[in-house]
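Participant: Turn this into a model:
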Amino acid sequence: MNNIRPPDSLKQLRKDIHFETELCGHSLQFASTWGIFSPREIDEGTRLLLKYVAIEPTDDCFDLGCGYGPIGLALARLAPQGKTLMVDRDFMAVEYSNRNAHLNRIGNAEAMLSNAFQHIDPARRFNVVASNVPAKVGNEMTRIMLHDAHHHLKPDGRIYLVTINGLREYMKRNLNEIFGNFKKLKQGKNYTVSFAEKQG
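Facilitator: Okay, the predicted model is just below:
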């Protein structure tokens, strides 16, 4: 029986990826792995989104599609007196988000497995919902997600979304329909940051 050893390059690939970066004026460390979105660095869309979020220290925040946690952990640092919930439908993303919360000693953030808001307590409310919306999420899921975000936001709660520019008009149309308002905070070369507020 042959005892085949994996090559050293494969062993290296299986190791966690580690890097440190600054988000919203805070230095954060991240562990990630292959198979999670943008594992070696913070992607362009996330960085653009985080430049335009306005967070109060007491805000309760929701990171939709958290990956390994850069948006949620940055929000939690900006809102130390609030609680931040990060969700993803990928169990590895949830595992690494919780690991990174522990790594950065951020006690007011946690991650859980959920298909958008599907597994969230219907009574739970947030001041802020933020998401780097995947381009391939699909129109049906996007509409469900936006309606659920509206439901879970407190009065005067805010939603911040970053999307590829090709989805800009779609987001504008749907946010206007669901929230009754829309604001384009920034349109970059590849991404657009959209904003809406739950009125009343």
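Participant: Work out for me the element the closest residue to V53 other than its chain neighbours sits within.
Facilitator: Using Cβ to Cβ, 6 or more residues apart in numbering and skipping the chain neighbours, the partner closest in space to V53 is Y160 (5.1 Å). All C-beta atoms are positioned from the backbone trio N, CA, C, and that covers glycine. Take DSSP states H and E as the rule and Y160 turns out to sit in strand 153-164.
Participant: Equivalent analysis for A93, please.
Facilitator: helix 91-103.
Participant: And the next helix or strand past that helix?
Facilitator: As assigned by DSSP H and E, the chain's next helix or strand after helix 91-103 is strand 109-113.
Participant: Which residue ranges of this structure form strands?
Facilitator: 17-23, 26-32, 61-64, 84-88, 109-113, 126-132, 153-164, 183-187, 191-197 (DSSP state E).
Participant: From the rest of the structure, what touches the last one?
Facilitator: Under the criterion Cβ atoms under 8 Å, 6 or more residues apart in numbering, residues 44-45, 48-49, 51-52, 156-165, 167-168, 171-172, 175-176, 178-179, 181-187 lie in contact with strand 191-197.
Participant: Sheet partners, orientation included, of the strand holding Y160?
Facilitator: The pairing partners recorded for strand 153-164 under DSSP bridges are strand 126-132 (parallel), strand 191-197 (antiparallel).
Participant: TSV please, covering these and showing distance to L78 and mean neighbour count.
Facilitator: Listed next are those as TSV, based on distance: least, Cβ to Cβ, whole Å; neighbours: other Cβ atoms under 10 Å:
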stretch	distance to L78	mean neighbour count
strand 126-132	10	24
strand 191-197	16	22
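Participant: check contacts around D60.
Facilitator: With Cβ under 8 Å, 6+ apart, D60 has these contacts: A79, G82, K83, T84, L85, R125, F126, N127, V128, K154.
Participant: Tell me how far it lies from N165.
Facilitator: Look at D60 and N165: by Cβ to Cβ, to the nearest Å, they are 30 Å apart.
Participant: Report the beta-bridge partners for D88.
Facilitator: Under the criterion used (DSSP bridges), D88 bridges to L113.
Participant: What count of nearby residues applies to it?
Facilitator: 27 (other Cβ atoms under 10 Å).
Participant: In this structure, where is pLDDT below threshold?
Facilitator: 1-7 (pLDDT under 70).
Participant: what separates the helix holding A93 from the chain centre, distance-wise?
Facilitator: 13 Å (Cα atoms, centre = their mean, to the nearest Å).
Participant: what packs against it?
Facilitator: strand 26-32, helix 70-78, strand 84-88, strand 109-113 (3 or more Cβ pairs under 8 Å, 6 or more residues apart in numbering; DSSP states H and E).
Participant: Relative to P134, which of those is closest?
Facilitator: strand 84-88 (10.7 Å; Cβ to Cβ).
Participant: How about the contacts made by N100?
Facilitator: The contact partners of N100, taken as Cβ under 8 Å, 6+ apart, are L28, Q29, F30, A31, Y68, G69, L73.
Participant: L49 and L185: what is the separation?
Facilitator: 9 Å.
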